[in-house]
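Trainee: Got a sequence here, can you build the structure:
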Amino acid sequence: MSARILVTNDDGVRAPGIRALALAAHEAGYDVVVAAPREEASGMSAALTAVTSEGRIVVERHDWQDLVAYGVTASPAYITVLAGLGVFGEPPDLVLSGINRGANAGRAVLHSGTVGAALTAANDRVRAMAVSLDVLSPSDVDATASGGAAIVVPDDSVLHWETAARTAADLLDWLTEAPAGTVLNLNVPDRSLDEVAGLREATLAPFGQAQMALAESGEGFVRTAIEKTGEPLVPGSDIALLAEGYATVTAIRPPSEISGVRLPAQRRSS
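Mentor: Residues are numbered from 1 along each chain as shown. Alright, predicted model coming up:
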């Protein structure tokens, strides 16, 4: 029996990336079910949030060719938990999250709803992979914007979703045999498959591709903007390898305790 895969994302159930990823997994012979936020839920990290109607989380069914998809009024991590409870059929053996519109690279993956769904799966010892398409290039910066670094993302119709989907599908057989709870973070350049330089294991850069900046503040309000970071590239890191045209993969894990840290001595109660 083929492994069962939940495909989710944080860009919403109607996003082109999730359809490409689900169909690639299905064509690779896996048993696929799709469940994703009904609306965009980017930046959710592993938040367990939902919008309810009379205490019920709304689930809408969509039919995609040979697949069934559900639009859920919940965050990606919450949807992963629901899948583990059998809400969308048999609990998944694997969770695929993506394809995200934009790289999830560097230590900024902490904030990603795409990565948060994968890490939530790992808490239940389920193998998972977060998949993202690097849509930024030097030309994707609006030099006229405040600060000169505001990000402009190309239209979905010109992005190479299939490249990321094929790259992810090629890793599925390996992932099914990996230790329980393994999580991969995959980033793929936005180019045709034959133009990708290859797949490389990468470290997490100490920063992300983008950062939050203060655009405006006034009496009783603030306005923020997302800008491209200008930090120097660290050799061997995901962001550096993406800039060289490689797809990158990094094994990551949920938060865990740190041993060897000297903590204050516990006080005795009187």
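
Trainee: what about S132, which helix or strand?
Mentor: Assigned by DSSP states H and E, S132 belongs to strand 127-134.

Trainee: Does anything pack onto that strand? Which helices or strands?
Mentor: The helices and strands touching strand 127-134, judged by 3 or more Cβ pairs under 8 Å, 6 or more residues apart in numbering; DSSP states H and E, are helix 16-27, strand 94-101, helix 113-123, helix 161-170, helix 172-177, strand 183-189. (Glycine included, C-beta is placed from N, CA and C.)

Trainee: can I get these in a markdown table with mean pLDDT, mean neighbour count and distance to L136?
Mentor: Formatted as a markdown table, these follow (pLDDT from 0 to 100; neighbours: other Cβ atoms under 10 Å; distance: least, Cβ to Cβ, whole Å):
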| stretch | mean pLDDT | mean neighbour count | distance to L136 |
| --- | --- | --- | --- |
| helix 16-27 | 97 | 23 | 15 |
| strand 94-101 | 97 | 30 | 10 |
| helix 113-123 | 97 | 27 | 16 |
| helix 161-170 | 98 | 22 | 14 |
| helix 172-177 | 97 | 14 | 26 |
| strand 183-189 | 98 | 26 | 10 |
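
Trainee: Out of the ones you listed, which is closest to M129?
Mentor: The closest of the helices and strands packed on strand 127-134 to M129 is strand 183-189. By Cβ to Cβ, the value is 4.4 Å.

Trainee: can you dump the C-alpha coordinates of the closest one into CSV?
Mentor: Extracted in CSV, the C-alpha atoms of strand 183-189 (Å, rounded to 0.1, in the frame of the first residue of the first chain):
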residue,chain,number,x,y,z
VAL,A,183,11.6,17.2,8.5
LEU,A,184,13.2,18.6,5.3
ASN,A,185,13.1,22.2,4.2
LEU,A,186,13.4,22.4,0.4
ASN,A,187,13.9,25.6,-1.6
VAL,A,188,14.0,25.6,-5.4
PRO,A,189,15.1,28.4,-7.8
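
Trainee: what pairs with it, and is each one parallel or antiparallel?
Mentor: strand 127-134 (parallel), strand 247-252 (antiparallel) (DSSP bridges).

Trainee: Please pull up the helix or strand immediately following that strand.
Mentor: Following strand 183-189 in sequence, per DSSP H and E, is strand 199-201.

Trainee: list the buried ones in that following strand?
Mentor: 199-200 (16 or more other Cβ atoms under 10 Å).

Trainee: Over to stretch 244-253?
Mentor: 246-250, 252.

Trainee: can you put these in CSV and add pLDDT and distance to S75?
Mentor: What follows is the buried residues of stretch 244-253, written out as CSV (pLDDT from 0 to 100; distance: Cβ to Cβ, whole Å):
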residue, pLDDT, distance to S75
Y246, 98, 31
A247, 98, 27
T248, 98, 26
V249, 98, 25
T250, 98, 23
I252, 97, 19
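
Trainee: still on that earlier bit, pipe the strands paired with strand 183-189 into TSV and attach distance to V51 per row.
Mentor: Formatted as TSV, these follow (distance: least, Cβ to Cβ, whole Å):
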stretch	distance to V51
strand 127-134	24
strand 247-252	29
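
Trainee: just so I know, which of those lies nearest A35?
Mentor: It's strand 127-134; of the strands paired with strand 183-189, that one is closest to A35 (Cβ to Cβ) at 14.0 Å.

Trainee: Would you pull up how far the closest one lies from the middle of the chain?
Mentor: 5 Å (Cα atoms, centre = their mean, to the nearest Å).

Trainee: What's the mean pLDDT across that strand?
Mentor: Here strand 127-134 scores 98 as its mean pLDDT.

Trainee: Report the angle between it and helix 161-170.
Mentor: Compare the direction of strand 127-134 with that of helix 161-170 by axes from the mean of the first three to the mean of the last three Cα atoms, to 10 degrees and you get 160 degrees.

Trainee: related to what we said a few turns ago, just send the helices and strands packed on strand 127-134 back as TSV, with distance to T52 too.
Mentor: Putting those into TSV (distance: least, Cβ to Cβ, whole Å) gives the following:
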stretch	distance to T52
helix 16-27	23
strand 94-101	23
helix 113-123	19
helix 161-170	32
helix 172-177	33
strand 183-189	29
